[in-house]
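1. let's see this in three dimensions:
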Amino acid sequence: MSVAKPLLLIPVENQVRELDPKLLLACIAARRGYSSIIGSRREMEMLIDQFPRSIYLSKSMTIRSLLFFWAASKYGHDIITWDEEALVHLPPETYFSRRLHPAAIRHVSHLFAWGEENAELWRQYPALPRQTPIHVTGNPRGDLLRRELHAYYAAEMDAIRREYGDFILVNTNFNHVNAFGPDMNLFQPVKKAGRKPRFGRAARGMRRDYAEGLRDHKLAVFADFQRMLPELERSFPGHTIVVRPHPTESHDVYREIAARCQRVRVTNEGNVVPWLLCAKALVHNGCTTGVEAFVMRIPAVSFRATVNEVYDSGFYRLPNALSHQCFTFEALRETLRQILEGTLGAPDSDGLRRILQQHLAGQDGPLACERVVDVLDEIATDQSNSAAPGLPRRFECWAITKGLGLLRRIKSRLPGSHNRPEFQRHRYPGIPIEEFQSRLTRFQHLLGDRTRLEVEPVTATLYRLRVA
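-> Residues are numbered from 1 along each chain as shown. Have a look, this model is predicted:
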């Protein structure tokens, strides 16, 4: 007898980074008979009491997830998790205190690792429940780096080339010190002179000395990049300089620089993959895009005019190791000149490829999404054999979830709140249903998939995908 497939709840927090890979996952799951609801994470969590027993695909297991996990578990939802931030991660002790919470992780039934390095990191966590399986599947974001899926972005790539011509892509990751809102930085602004700054959201789980050192290092590198951008424009007059800020960064500083320049452009439009495929070169410092560029054989340069090995080796080692490293602007200019002339390509060696294989599984053979869905089939069987929550428990969860919804609505109106509507729109602006359907159709075409799919809106930021 076939097992009825549970609904998949697939939340998206940062739309430009997460939506496409999660749509690919939903598309592949649909071939196996799964219906999905995909869209705004915040909206999905607030409506958790309105969904039947489902599998919830979380992207983190921090203290912020704890109350939601507790409520979702009471409804009988099965919580499975990967960590969006585990490919380029903090040193273990700091990573554990910042990205994992011992009570939250007890609600997780299965963990999905980017690669063996990520799995080994989790195995070191003292509070990891012994019965929690870790599956080294790779991540859906890694699937979009594979050559056979690059054509998904053909239209975007044509539009980028028409708009920007030949360009050098500068990806920034200064969200610790240049966040969308000041409360989201490592430290909040000091209101009175002489007072110690309070932790911001980015410092949660960090020791104060580590957070202060990271702030100082990131501010210094941030200043290096601000000086670098006009110099790049002057050094390469035949190329546009495209600045792509981190999804949760403020764009203001970069726009001010662009206003003083002729060929510096600032955009965070769409997924980074087509931008990398169109760029002549990538410049970054410790950014995940350095890893993505290495996979796709795009020449990447890490500009390290300021060096602090505590953070550069302890936090940003992977993307820096997979890139050409330049410690002065003169070295950066010369390296880029060789790349643009075609005499220097992407870094490549057996050692670097082994490093990548340890960190990122699923780069050949079955897609990471297919490996994830294999595990979903096991979970679906287990869930079909378990009892649904009783009425008293459902009422308890309903009360808890309504309370959380009220709390979030209140917080969304507080000045500087992480949940304020303008920041949520910045992270997840949403897309029209026609665009949602178009993206699914493109994935199906590349996969040779003839499954008939239906899409319907659940809310303005959530869509239901099901087999017709």
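
2. just give the nearest non-adjacent residue to Q338, would you?
-> L344 (3.8 Å; Cβ to Cβ, 6 or more residues apart in numbering). For glycine as for every other residue, the C-beta is placed from the backbone atoms N, C-alpha and C.

3. just the buried positions in the top helix by length along the chain, please.
-> In the chain, with assignment by DSSP state H, the single longest helix is helix 208-235. Neighbour-count burial for helix 208-235, with 16 or more other Cβ atoms under 10 Å as criterion, is recorded at 210-215, 217-219, 221-222, 225-226, 228-230, 232-233, 235.

4. and the helix or strand hosting A30, what does it pack against?
-> Using DSSP states H and E, the element containing A30 is helix 15-31. Here helix 15-31 touches strand 7-12, strand 36-40, helix 140-143, helix 272-278, helix 368-384, helix 433-447, strand 462-467, going by 3 or more Cβ pairs under 8 Å, 6 or more residues apart in numbering; DSSP states H and E.

5. and the third one, average pLDDT?
-> Over the span of helix 140-143, the pLDDT mean works out to 98.

6. show me the shaky parts of the chain.
-> Counting by pLDDT under 70, the ranges of the chain that qualify are 1-3, 383-394, 397-398, 401, 404, 407-408, 411-426.

7. domain map for it?
-> Listed by automatic domain parsing, the domain ranges of the chain are 7-144+363-467, 153-349.

8. out of those, which gets nearest to L356?
-> domain 153-349 (6.5 Å; Cβ to Cβ).

9. so how far does that closest one reach from one end to the other?
-> Length of domain 153-349, first residue to last, Cα to Cα, to the nearest Å: 28 Å.

10. again with stretch 439-459
-> Taking Cα to Cα, the first and last residues of stretch 439-459 lie 19 Å apart.

11. buried residues, that stretch. List them.
-> Neighbour-count burial for stretch 439-459, counted by 16+ other Cβ under 10 Å, picks out 439-440, 442-444, 447, 453, 458.

12. what is H110 paired to in the beta sheet?
-> Judged by DSSP bridges, the bridge partners of H110 are I80.

13. give me every residue that touches the closest residue to P52 other than its chain neighbours.
-> Among residues not flanking P52 along the chain, L7 sits closest, at 5.9 Å (Cβ to Cβ, 6+ apart). Contacts for L7 (Cβ atoms under 8 Å, 6 or more residues apart in numbering) come out as 34-37, 51-55.

14. how about a cut-off of 10 Å?
-> Residues near L7 by Cβ atoms under 10 Å, 6 or more residues apart in numbering: 34-37, 51-56, 77, 464, 466.

15. list buried residues within these.
-> 34-37, 51, 54-56, 77, 466.

16. quick check: the two most widely separated of these?
-> Largest separation among those by Cβ to Cβ: H77 and R466, giving 18.3 Å.

17. ok, E156 touching L276?
-> No - the criterion here is Cβ atoms under 10 Å, and E156 misses it with L276 at 11.5 Å.

18. with neighbour numbers in mind, choose between those two.
-> More neighbours surround L276 than the other of E156 and L276, with 21 against 17 (other Cβ atoms under 10 Å).
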